[in-house]
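# Give the three-dimensional model of this entry:
(3 chains)
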Amino acid sequence: MTFTFDGRPVAAEPGQSLAAALWADGVRSWRRTRHNDEPRGLFCGIGVCFDCLVVVNGVAGQRACLVEVRDGDVVQAQP
Amino acid sequence: MSDVVVIGAGMVGAACAYYAARAGLDVTVVDRGPVAGGTSGAGEGNLLVSDKPPGPELDLMLVSLARWAELDADVGGFEFEHKGGLVVAATGAGAADLDALVEAHCAAGVQAERVDDPRDREPELAAGLAGGAFYPQDAQVQPALAAARLLQAAGLTVHAGEVTGLDVRGDQVVGVRLRDGVIPAGHVVNAAGVWSGELSEAFGAPVPIEPRRGFVLVTEPMPPIIRHKVYAAEYVANVASGDADLQASAVVEGTPSGPILIGASRERVGFDAGRPLGVLRRLAAQAVALFPALAGVHALRAYRGFRPYCADHLPIIGPDPRRPGLFHACGHEGAGIGLAPATGELLAALITGTPPRLDPTPYAAVRFAATSGGRR
Amino acid sequence: MRYDVAVVGGGPAGLAAAAEAVRGDARVAIVDAGPRLGGQYWRHRAGSEPAELRRARSTADHLPNSPVWFAEPGPGLGFRLHTPGGPVRADRIVLATGAHDRCLPFPGWTLPGVVTVGGAQALLKGHGVLVGRRVAVAGAGPFLLAVAAGLAEAGATVVGVFEAGRLRGYAGHPRALSPAKLVEGGHYARVLARHRVPYRRGHVVVAAHGGEAVEAITVASGNRRRRVEVDALAISYGFTPQLELAVALGCDTRLDVDGSLVVSVDDDQRTSVPGVFAAGEVTGVGGSVLAQLEGVVAGRAVTGQPGDPRVLRQRQHARRFAAAMHDVHRPPAWIEQLADDTLVCRCEEVPYRTLRQAVELGATDTRAAKLLSRAGMGWCQGRTCGPAVACLTAHLNGRAPTAADHATFANRPLAQPVRLGDLAEPATPSE
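Alright, predicted model coming up:
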């Protein structure tokens, strides 16, 4: 299946989380911090640290490590 | 020997200590916990004129606002935010009451302006509100930082200790007794917040302070969709109510760091911290009614505090005739942060005997002095 | 529907408790936050359930995707657990909410590619993705071995396992090591040997380096420092229990030997609150075998079944191993590695210097430190930085951390984030 990340198509396997699919695609960060504008991606991998936030289909604040990919998902960096 | 012992390192105690030190007095601050260990660490840090109808409390707040501006310039470092307050009325009757209040506020020297469509100021507000009023003077600080910075600016640290009683010679106060010692001083200030009543009884000079529980919901960090402090007009009535049952009306505001704060509830349930779910549901429902976009936003945490409620809705600031040398600076209910600088300045003047900026009569402790001293 | 027993958490402890409670003829529900049973330990991809997990299943009702955001007693007897799908009512509760990686800050730990050991494991076991091609596994605890072995078997180059403990201490706990534990450790050791993965004791990763992602780490051993190139670092120091519900329900807590705040339980896994039991990592981090044993004990006790002496003996032995493990795999002196600008709180980007300033401003406890620095006030509400901030606050105040220091972060009336729209649902008549 495929989803788009900031407009770019990314492949994913069924049951993978968004974070895992991005990681497999070589993406290590998909958010920048509020104060220091530093890159963040996945840290705890289990939904506890909230580093991995993304916007999925228009809804912000989604933890990429918990959201399972669905075909056609539109994923954008969290503002 | 200190000139002044201030009991309580919250916002009010810190302000009293700051202004007393500024007046050249030797000050000791004592608290059984750290700075802002009580209610000051549990509130939103409001500086509001909008929720105070004309009267002595509003007078005190107008003076305090001016002091806050000076403190921001002289001390700083407490996230002073010129937020502005938008009061909204859901019904025509509420809007009419609000209009009357705006008129009275303007006559009393408050900047206030009617707003026909509140969504001009806050685009995310629900449609169909009957009217509103904007108060540009409403502001916000981070209260724990404010208390800490004032103490630091005055060169004071908090002496850790629990006060158990007054040290008295005859009728004259000569210090405070702690669990593990004594601090001698000619003047003692009861700024113990929600515990001021309990402490005043131990001092044989009881004043009626009771806890009034409140909860705040904190959301996940959001983009700035809410620009001001926004609250329902019923809030003013709730503040003024003496009812012990739950008074809740919507208060919603964004913060510079992103989370949206949602209040406000008032209950007189003693110090009971339990069973908050019904209150939290009410706060959430009221917030979503005001700002429908909040339905999809997550609450990350809830916290509660106890406002020091004084039965006649005015703080107690000044000397207690029953114990010469004892002063009170307490009973500010939910307005302690905003009123703290004026309280501190007034108290320092009363201690040093310099003419105060305000008539201290409405806040005088003498109004409770008919209550006999000694423990019940 | 009203259950006799609600088990919160579908990992090894929760599944064991549920199975025993079912055997005791109770109506049981497993209320789990995740989409599939297994918790962290038996994390798996859809369709590839581990055999151990299959064996642990029972006929208990399974309520997935149901994080409990609020727990309260009543109305009347029993409890109510609020989930996004509605409230779950039960007469008695078994809390088996597990633990997550305990993180200690160090320079560079916020670089992309630096993850927790549990995070690397989750990526691999849960999603079939390698955290990197050249991976360092570091921190403390037997878990490092398991994860490193998994990564090596899956084709990653594991440049080393850097264990802070010197492991001489196991010699001081001869009764703690069972044949099973030695066999398990031996298995991982053989995997690592086969893949030529160095296992270095007394080694600490003191810094991570890179621009947009981690490119190298500095490993310290005694006075020696060595730079190692990596594209991923999996690092954590043990686990920290998830106590929100226990604390919200009023259960007593205590500091365990590893410095974590845990729920106090008696020999029947009862907490200090009648009707509330706890099992697994929440009562003390001790691994999956201990978690299952505690689950069995809790499941029997919550349904009034007599205890099984064999299980009790095994539990005692597993507890002894856990204590030995904690004694041996101690975190290093990490505080001295912190630079002024090392972030202590990831969410709010609070540097160490700000926490020091908070203490200078008068923060004598964790609550004040939080208020004056914002550490712990971000999205994760201190789940990541809590243990470190509690220790740092105590250290900066010249004392050892206490249970009260840690309890500040465990105190979360809202145990999980909840949509305001869900919270705004009208109360049921009995609320």
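
# which residue sits closest to residue 58, ignoring its sequence neighbours?
Went with chain A since none was named. Spatial nearest neighbour of A:G58, chain neighbours left out: A:V74 (7.5 Å); criterion: CB to CB, 6 or more residues apart in numbering or on different chains. Glycine gets a C-beta too; all of them are placed from N, C-alpha and C.

# my question was about chain C
C:A19 is the one closest to C:S58 (CB to CB, 6+ apart), at 3.9 Å.

# Next: C:A13.
C:G280 (2.7 Å).

# wait, isn't B:C106 in contact with B:A112?
Yes - with contact defined as CB atoms under 8 Å, B:C106 counts as touching B:A112 (5.6 Å).

# Could you check which of these two is surrounded by more residues?
Shown here are B:C106 and B:A112; by other CB atoms under 10 Å in any protein chain shown, B:A112 has more neighbours (24 against 13).

# Which secondary structure state is assigned to the nearest residue to B:D272 once chain neighbours are set aside?
Closest residue to B:D272 apart from its sequence neighbours, by CB to CB, 6+ apart: B:R213 at 7.2 Å. Secondary structure, DSSP: H, G, I helix; E, B strand; the rest coil: B:R213 is strand.

# Kindly state the beta-bridge partners for B:R213.
On the basis of DSSP bridges, B:R213 is bridged to B:E267, B:F306.

# and the residue nearest to C:A13, how far is that from B:A130?
55 Å (CB to CB, to the nearest Å).

# ok, these two, which is more surrounded?
C:G280 (36 against 17).

# What count of nearby residues applies to the residue nearest to C:S58?
Counted with other CB under 10 Å, C:A19 comes out at 23.

# Please identify the helix or strand for it.
helix C:12-23 (DSSP states H and E).

# Skipping its backbone neighbours, what lies nearest C:G287 in space?
Per CB to CB, 6+ apart, closest to C:G287 is C:A322, 6.5 Å.

# Run through the residues that contact the one you found.
Counting by CB atoms under 8 Å, 6 or more residues apart in numbering or on different chains, C:A322 makes contact with C:284-287, C:290.

# swap in B:G263?
B:G263 sits in contact with B:44, B:214-217, B:251, B:283, where contact means CB under 8 Å, 6+ apart.

# cool, C:G24 as well?
C:299-300, C:302-305.

# Provide a PyMOL selection command restricted to the buried entries of those residues.
This is how PyMOL selects the buried members of the contacts of C:G24, with burial counted by 16 or more other CB atoms under 10 Å in any protein chain shown:
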select buried, chain C and resi 299+300+302+303
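
# so how far is the first residue of stretch A:27-41 from its last?
One end of stretch A:27-41 to the other measures 8 Å (CA to CA, to the nearest Å).

# in the stretch 251-376 of chain B, which ranges drop under the pLDDT threshold?
Across the stretch 251-376 of chain B, the ranges flagged by pLDDT under 70 are B:273, B:371-376.

# interface residues of it facing chain A?
B:257-258, B:296, B:298 (CB under 8 Å from any CB of the partner chain).

# Report all helices and strands that the helix holding C:A19 contacts.
In terms of contacts (3 or more CB pairs under 8 Å, 6 or more residues apart in numbering or on different chains; DSSP states H and E), helix C:12-23 is packed against strand C:2-8, strand C:28-31, helix C:51-56, strand C:86-95, helix C:287-302.

# Are the third one and chain A in contact anywhere?
No - counting by CB under 8 Å from any CB, chain A has no neighbours in helix C:51-56; the shortest distance is 15.7 Å.

# Looks to me like C:Q121 is in a helix.
Yes - counting by three-state DSSP, C:Q121 is part of a helix.

# Who are the contact partners of the residue nearest to C:A13?
Contacts of C:G280 by CB under 8 Å, 6+ apart are C:9, C:11-14, C:96-98, C:290-291, C:294-295.

# now do C:S288
Applying CB under 8 Å, 6+ apart, the residues near C:S288 are C:11-12, C:41.

# Nearest to chain A: which residue in the stretch 151-300 of chain B?
B:E220 (5.6 Å; CB to the nearest CB).

# contact partners of the lowest-mean-pLDDT helix or strand in chain A?
Lowest on mean pLDDT, DSSP states H and E among the helices and strands of chain A sits strand A:59-63, with a mean of 88. For strand A:59-63, the surrounding residues in contact (CB under 8 Å, 6+ apart) are A:18, A:47, A:50, A:52-56, A:78-79, B:220, B:296, B:298.

# For the stretch 101-250 of chain C, just list every one of the strands.
Along the stretch 101-250 of chain C, the stretches classed as strands by DSSP state E, counting those that start in this stretch are C:114-115, C:134-140, C:157-163, C:199-201, C:204-210, C:214-221, C:224-229, C:232-237, C:239-241.

# now those as JSON lines including distance to C:D256 and mean neighbour count?
Shown next, in JSON lines, are the strands of the stretch 101-250 of chain C (distance: least, CB to CB, whole Å; neighbours: other CB atoms under 10 Å in any protein chain shown):
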{"stretch": "strand C:114-115", "distance to C:D256": "25", "mean neighbour count": "30"}
{"stretch": "strand C:134-140", "distance to C:D256": "15", "mean neighbour count": "27"}
{"stretch": "strand C:157-163", "distance to C:D256": "20", "mean neighbour count": "23"}
{"stretch": "strand C:199-201", "distance to C:D256": "23", "mean neighbour count": "16"}
{"stretch": "strand C:204-210", "distance to C:D256": "22", "mean neighbour count": "21"}
{"stretch": "strand C:214-221", "distance to C:D256": "27", "mean neighbour count": "20"}
{"stretch": "strand C:224-229", "distance to C:D256": "32", "mean neighbour count": "12"}
{"stretch": "strand C:232-237", "distance to C:D256": "14", "mean neighbour count": "28"}
{"stretch": "strand C:239-241", "distance to C:D256": "8", "mean neighbour count": "25"}
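
# middle-most residue in chain C, spatially?
C:A99 (2.2 Å; CA atoms, centre = their mean).

# Okay, helices next: where are they in chain C?
Using DSSP state H, the helices of chain C run over C:12-23, C:51-56, C:117-121, C:127, C:143-153, C:179-194, C:244-248, C:287-302, C:309-328, C:352-360, C:366-373, C:386-396, C:403-410, C:420-423.

# Tabulate the ones you listed in CSV, adding columns for distance to C:A232 and mean pLDDT.
Below are the helices of chain C laid out as CSV (distance: least, CB to CB, whole Å; pLDDT from 0 to 100):
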stretch, distance to C:A232, mean pLDDT
helix C:12-23, 27, 98
helix C:51-56, 27, 94
helix C:117-121, 7, 97
helix C:127, 15, 92
helix C:143-153, 9, 96
helix C:179-194, 17, 82
helix C:244-248, 30, 95
helix C:287-302, 25, 97
helix C:309-328, 25, 93
helix C:352-360, 25, 98
helix C:366-373, 30, 97
helix C:386-396, 22, 97
helix C:403-410, 28, 93
helix C:420-423, 37, 94
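
# for those, which one sits closest to C:E163?
Closest of the helices of chain C to C:E163 is helix C:143-153, at 6.0 Å (criterion: CB to CB).

# Mind telling me which residue of chain A is nearest chain B?
The nearest approach of chain A to chain B comes at A:G61, 5.6 Å away (CB to the nearest CB).

# To what extent is that residue buried, counted in neighbours?
19.

# do the one 3 residues further on as well
The burial count assigned to A:A64 is 27, neighbours taken as other CB under 10 Å.

# pLDDT wise, what is it at?
You'll see A:A64 listed with a pLDDT of 97.

# wait, isn't it in contact with A:Q16?
No - A:A64 is beyond contact range of A:Q16, at 10.7 Å (criterion: CB under 8 Å).
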